[in-house]
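Student: My questions concern the predicted model and sequence given below.
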Amino acid sequence: MRNHKYFKHLMLVCLMAVLAVQMVASSITDDYFGNPINGYDARNFGMGSAGTFNDLRPFGIASNPANLTLMKTRVGVAVTMLMDRNEDNRHIPLYNSFDSYIDDAVYASNIDIYDYYAAAGFGAFELGGARLGLGGFYAPMLSFDGDYIEEIRNNRNTDNDGYPEKLATNRIENRGTLNQKAAIFCFGYDFGEVTQLNVGFQYGFLDGKQEYAKTIRWSQWAIDTFAKATGNDPNKVLPNYSLTTDAELKGEQMKIGLAFRMNERFGVAATMTPMAVLDRTGNTREHKDAYRNTAELDQTTPIDEEYTIPSAYRLGVLYQPRNIMRTWLNLDLEYVRFSDISDHYDDQFNFYAGVEHWVENRLPLRLGFSATQSYLREVEADGSLILKRILTPKVSAGSSFPITKFMDVDLGFGYSWREYEAQDLFKDSYYNDKVYSGSSSYALWPNSYIDLADRDWSNPDKIRENDITLRAALSFTW
Amino acid sequence: MRKLLILLPLLLCVGLLAAKVDLNTADYDELRQLNLTEKQARDILEYRDYVSLFTDIFQLRQIPSIDQRTLLRIKDKVVVSMHIQTDEAQARRNEIRYLIERLDSNEGASEGMADVWEDYLMTPHNVNRMHFDDFVSLPNVSAMEAVAILKRTARGDTIAEMRDLRNTVGLTHYGYTNLRNYVYYKEPPVKDRLFFDASLQYYTRYFEEGSHDMLHEPFLRSSYGNSSITVPHKKDLSYWGHFNLDKVDPDIVMKLRARWGNNFKLGWMNYSGKGERGIQDKTAEEIIKDSKYYAGYENNSLPFLKNTRVKLYAGHYRATYGEGLVMENTDYYSARKTGFGFSKRILGITPDLSRTQEYALRGGALEISHPLFTASAWASVDDKDAIVYVDQSGDPVQVNGKNKIFSYVVPTIRFDNDDMRAAEAKFNTEIASGSVYAVPYINLAYRKDAFREKLWGTHLQINPWIGTRLGFTTYTALYDDAHFVVPGYNDLRSLLVRDSYYYPKFKMLDAEIAGLYSTYKPGQYERDYRRVIGFDGGTVIGNTSIQGEYAELTVSGKDYKLGDDPHALLVSAHTLFDNLYFITLYRDYDVGFDNPYSNAFSEHEKFDDTILEKNVYTLTNTLLSDIYLGSTQAQPERGVYFETRYKFNNFFTIGRSYLDLFERKTDGRKTARFQSELEFRPLYQLALRLRYKNQVNRMDDMAERGVSKTNEYTLVARTFLSNRDFLEFEYRYNTVLSPPYTSLTNPAQPGNNSMAAAMTLMTGDYIGVNYTHNFNDNLKLQGSFIYWFSHGISHWDWEDMEIDFMGDKGAKAWVALHSRISDNMNLSIKFRNKTYQTKEYSIRKYNVPVDGESYFPRVERKENTIRLSLDYRF
């Protein structure tokens, strides 16, 4: 076994984070692009978020502005609460005594919970066969939240109930969301009893914050032990480290939508969301304590760049057959032009499918599936970009119950997971105390055979994440 | 959809009817005239549109806005007209929907045959005009039953309807119930029209154990004899790490089929597997190359020739004859495929949209069949994947101006050739940097579309009298750009095994690999083809059918001289009584009979237990293991198989039971395998099953260290609840007495293997529950939970659509929801979670002392899989 650091990581950290007051989110993986948030409409969320054609719930206007007049209601208001539990398990590759790569072992496991709120409302009126509507919503579009804790323990043998000492705590605390405040104008025209065409336009103001903090803090035991080993030399200290980013995002985005109900059975809808280029301003500060013959590092780098949200084209269909359980089937296909960001990216397709049955006594049972693509983006030391495509399958379910004639509560539940490779978040060479002492032997690592070399892409972590997501929405339609 | 509404003239006079409002035809205004509110009228219309047409007035109460008072008020003012569905295709589909569901759920195993059977179900054949091969190609219809019906029709008797068919002497209850849905009598249930099937499957899966281990095995420098060499620990020195196979990557199958009656047929299918590029990342040319498609014409009543039919296909097709010894082209192997019962072959030419890629036939095929004869011919041109000889740069090695090929291969992943070469270059750099291996580079590599195969073949069959047939099948595969070269046994190990240190791993059984066919044998022969000829035949005597096939691969003998080349023989007899059957089967396959297009009965697939399976780490390229993992051929075996089933009465049944006594020909290992099942059904709703399985390897030599004895006991309690709901409990207990594998007999703590041991007894058990709940005709929920603990033993579990392997210990749960969205559309979503612990020896160092801690309790083995299927048929 090459790297004994991980023996001690196996005393993994099980962190139960309390309900964070920030937005939904999930993963430290998506700290650049953020985690796209969808499913503001809990009914639609239970159906795999396949809701480009959605004529039932007010928050359908966020999926497609043309849904506003498609609904044929005068007033609609909805409030949604979103909750997300993210579990992130990081594995190191394992090698057997024949030096063969055989498996992966978890060295850090983090579970965090986040919650979030969104609201929408609209009004519409009829003018003969035509309908006009105005609406708006406030919702988080991307979340940058993510929390991660990893302990570094030395390689003291655990035989005879010995316990490896904690050397340092590595922590990532990311906060922030990109919020959208959008206004919607929609026009609908009835060609007959059922057939209708709706066109909607959405203009949204986007603003958000990214607050990233990545820290390494040595434990008191490590500080004391190191000081003792180095004879309390004030120049020989273990340096703490932090890398923080504070950035603001500002911009606009628009969306054009179309919804066409052909007959009692079929509806087709499409949206086009052009690329949005946001201003990203702020600064990044890197700080590392002084040690031995190295001066303190305290460097602030301003950020002033463009942040691109790629354009997306989405097509959805609704099919309502005759079924002994009243049934809605929604299928959506989305094309995301990641190549808008740069040529390094390939455009991707996302797929959404969902069904709702009224099983008994109008009790709806909703089920859905979605498969979405995203990118893990890592910038190498030489500035080169590493991009890895990640697929996230999701299954969802949901139901609802009416409170009054005009008011419904919808509940949606989702489970998604993803597996991918990523680089070690905190490179091993940092914990090589010989660098800080100048000594030829370790002060903190009892087994001197440990090789504290950085792992690169030839030996990456395997990440397994899963998200359990809940959506609860109260909607009023009249 | 055309619909006819027939009013009920017998019940109501015209005058009365005119005064009443018909709930099935009334429009909004008419409903409002009943003094219904706007909402009530709309709700009735919506109910009619989206839930159901009315069959009775009291159905109104299912609409929440219609209360009892409203119903009583209007019930004398409304009427319900009878609704008859006259779309005959839809009616037929409703009739056979349970059978189609069953076929769909078995599609994984039947690999494309389900399509053919579904077409038969939808547009059945006239039972009075069917041929022998048509009958025996249907599931669970025997040769004796085919003869019984054919004898009737030959006498001029016409089977006029279902009960008439049932009265056929010699047709068993089982045969009748299976046959009746595939045939019609006077008028077909559906007239010729356009049928269209579209299906999408999106699923994520994990590699099976063999593939997983093969892909994990790294290419490492040798430190043998040189302590200064440090072997790096890098994940990307394995295919797994290099190709980032940890990521979730879906399999996607898209299939479209269209046909006009049974005459004109078109189909297209695209399959992209895990680890391969998806359709969105391919060029149009690549999509066409990796897709399967066909256009076909069939006519069951040719002019001038009575009861003669023709099939003509262009594109991809399947060809299957006899017992599958000469020709049955599929990439999928299934053990003990007898060709009887539900383990069938569809004989002749059939269109092919299965996931078979390597042994797919692409070209043209013609078949003419008459009750007295059948003749077919086919030709195919297709690029095939292969294991090829490569030099240190990854370029193909040539011999006599052609690329040197080792073997056909069905790969776990169809890697792109450029990607493969990049990986090999990296691995070669690593291999070359340590002590010198005997083979210091990858010398045999996987290449997609490595050579062009031009194949032609024919099958001629005469049927002198009913039930008796004599057939001749041959095919020749031409290789213009490739030579198959496989050294003899003595030279093979230095080609396959990386270093002489591992040569002892090469054993007698590996002669099976040396038995691979060569087109180039210096000093013996050189040719550009592979030719297989064979004879098949069968007859029916009373309630017994006897059939068999003999096939010979031309190697050093003459093409059309029998007995001078490696051959394969299979003879079987099937005896059928009403409640009892016997199958007796004898097979004998030569080691040198290497026919990639054979798919015959055997207990094991070819290369089972060879170095390609057991010692992958010794190979010059771990991907060579795919030759075993994708093997479709039978292992060279000689043996007798006996199978029976007997239903004593309604209470007791001996389920499918078999005994197989066979010898593996390369090393003479003799094995006995026995399985039996007793079912006790005290009530119709309750069945208790006891199953016992016993297998003894090396049964003739109990002192031999390789002997192993397996006993498996299974108890199943099945309850058939109302509404076709189903609940099942299963408990299984296993023991295996086997040689002392060190990984199993030594303690988990690191240390030397210091204990002497003779044999090891391993035990394991398994408990599971399965439940099916039908909410109604359109919505079905299935779920299963299983927990197993198997100390080194593995279990197989048949799920709703796939079979799953379970080793060591763990738990698994899956839930599947099948929704019939409409008469034409079905949606299934399945989610499965499997959490298990892997073998301890794979996460610890064994046999040698190690420094410090070496036990990893946090190896997470958790698999989430999802399957989405969407089918649309009209």
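Tutor: Perfect, thanks for sending it. Predicted model, so just to flag it, every value in this text is computed and none were measured. Residues are numbered from 1 along each chain as shown, chains lettered A, B, ... in the order given.

Student: give me the residue from chain A nearest chain B.
Tutor: Per CB to the nearest CB, the residue of chain A with the smallest distance to chain B is A:Pro321, at 3.2 Å. All C-beta spots, glycine's among them, are computed from the backbone N, C-alpha and C.

Student: Could you tell me which residues of the stretch 201-350 of chain A lie near chain B?
Tutor: Residues of the stretch 201-350 of chain A lying close to chain B (CB under 8 Å from any CB of the partner chain) are A:264, A:319-327, A:329, A:346, A:348-349.

Student: and with 6 Å instead?
Tutor: Proximity of the stretch 201-350 of chain A to chain B, by CB under 6 Å from any CB of the partner chain, involves residues A:264, A:320-321, A:323-324, A:326-327, A:329, A:349.

Student: export those residues to CSV and tack on pLDDT, secondary structure and neighbour count?
Tutor: Formatted as CSV, the entries for those read as follows, by pLDDT from 0 to 100; DSSP: H, G, I helix; E, B strand; the rest coil; neighbours: other CB atoms under 10 Å in any protein chain shown:
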residue, pLDDT, secondary structure, neighbour count
A:Glu264, 90, coil, 17
A:Gln320, 94, coil, 22
A:Pro321, 92, coil, 20
A:Asn323, 89, coil, 24
A:Ile324, 87, coil, 17
A:Arg326, 90, coil, 20
A:Thr327, 93, strand, 24
A:Leu329, 95, strand, 23
A:Phe349, 93, strand, 14
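
Student: Can you read off the pLDDT for the closest residue to B:Asn599 other than its chain neighbours?
Tutor: Closest residue in space to B:Asn599, ignoring its immediate chain neighbours: B:Glu328 at 4.0 Å, by CB to CB, 6 or more residues apart in numbering or on different chains. Residue-level confidence at B:Glu328 comes out at 95, pLDDT.

Student: Show me the beta-bridge partners of B:Glu328.
Tutor: Counting by DSSP bridges, B:Glu328 forms beta bridges with B:Thr320.

Student: Going along the chain, name the strands of the stretch 351-478 of chain A.
Tutor: For the stretch 351-478 of chain A, the strands defined by DSSP state E, counting those that start in this stretch cover A:363-379, A:385-402, A:407-422, A:461-477.

Student: Could I get the average pLDDT for the host helix or strand of B:Asn774?
Tutor: B:Asn774 belongs to strand B:760-776 when elements are defined using DSSP states H and E. For strand B:760-776, mean pLDDT rounds to 90.

Student: so who does the nearest residue to B:Leu138 once chain neighbours are set aside touch?
Tutor: Using CB to CB, 6+ apart and skipping residues adjacent in sequence, the residue nearest B:Leu138 is B:Tyr182, 5.3 Å away. Residues touching B:Tyr182, when contacts are defined by CB atoms under 6 Å, 6 or more residues apart in numbering or on different chains, comprise B:120, B:124, B:138.

Student: Which element, helix or strand, includes the first one?
Tutor: Of the helices and strands defined by DSSP H and E, B:Tyr120 is found in helix B:113-122.

Student: Give me the buried positions along that helix.
Tutor: Along helix B:113-122, the positions that meet the burial threshold by neighbour count (16 or more other CB atoms under 10 Å in any protein chain shown) are B:113-122.

Student: Between those residues, which sits nearest chain A?
Tutor: Each of the buried residues of helix B:113-122 was scored against chain A by CB to the nearest CB, and B:Met122 proved nearest at 19.9 Å.

Student: what about the chain, any weak spots by pLDDT?
Tutor: Using chain A. A:1-26, A:157-162, A:361 (pLDDT under 70).

Student: try chain B instead
Tutor: Regions of chain B meeting the criterion pLDDT under 70 cover residues B:1-19, B:83-86, B:105-111, B:701-706, B:740-759, B:792, B:839-858.

Student: Tell me the bridge partners for residue 291.
Tutor: Using chain A here. Judged by DSSP bridges, the bridge partners of A:Tyr291 are A:Thr294.

Student: Actually, chain B is the one I wanted.
Tutor: Listed by DSSP bridges, the beta-bridge partners for B:Ser291 are B:Asn270.

Student: Hmm, it is touching B:Asn270, no?
Tutor: Yes. Counting by CB atoms under 6 Å, B:Ser291 sits close enough to B:Asn270 to count as a contact (4.6 Å).

Student: quick check: longest strand of chain A.
Tutor: If each strand of chain A is counted by residues according to DSSP state E, the longest one is strand A:101-127.

Student: For it, buried residues please.
Tutor: Of all the residues in strand A:101-127, those buried under the rule 16+ other CB under 10 Å are A:101-114, A:116, A:118-122, A:124.

Student: now swap in stretch A:280-300 and tell me
Tutor: For stretch A:280-300, a neighbour-count test (16+ other CB under 10 Å) marks A:280, A:282, A:287-289, A:291 as buried.

Student: Just put those in CSV and tack on secondary structure and distance to B:Asn128.
Tutor: Conversion of the buried residues of stretch A:280-300 to CSV gives the following (DSSP: H, G, I helix; E, B strand; the rest coil; distance: CB to CB, whole Å):
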residue, secondary structure, distance to B:Asn128
A:Arg280, strand, 78
A:Gly282, strand, 83
A:His287, strand, 91
A:Lys288, strand, 90
A:Asp289, coil, 94
A:Tyr291, strand, 95
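
Student: Give the other helices and strands that the helix holding B:Tyr120 contacts.
Tutor: Under the contact criterion of 3 or more CB pairs under 6 Å, 6 or more residues apart in numbering or on different chains; DSSP states H and E, helix B:113-122 touches helix B:88-105.

Student: run the last query once more with 8 Å
Tutor: helix B:88-105, strand B:194-204, strand B:348-351 (3 or more CB pairs under 8 Å, 6 or more residues apart in numbering or on different chains; DSSP states H and E).

Student: what's the angle between the first one and strand B:194-204?
Tutor: In this case it means helix B:88-105. Using axes from the mean of the first three to the mean of the last three CA atoms, to 10 degrees, the interaxial angle of helix B:88-105 with respect to strand B:194-204 works out to 30 degrees.

Student: can you list the residues that contact helix B:88-105?
Tutor: Helix B:88-105 is touched from outside by B:1, B:85, B:110, B:114, B:117-118, B:121-122, B:181, B:189-191, B:193, B:195, B:800-801, B:818, B:820, B:823-824, B:826, B:869, B:871, B:873-874, with contacts defined as CB atoms under 8 Å, 6 or more residues apart in numbering or on different chains.

Student: Repeat that for the shortest one.
Tutor: Identification of contacts with strand B:348-351 by CB under 8 Å, 6+ apart yields B:113, B:115-116, B:133, B:137, B:265, B:267, B:294, B:296, B:311, B:313, B:315-321, B:365-367, B:369, B:374, B:376, B:378.

Student: Just checking: what are the partner strands of it?
Tutor: Each strand pairing with strand B:348-351, determined using DSSP bridges, is listed with its direction: strand B:309-320 (antiparallel).

Student: which parts of the partner strand are buried?
Tutor: Applying a neighbour-count criterion of 16+ other CB under 10 Å, the buried positions in strand B:309-320 are B:309, B:311-313, B:315-320.
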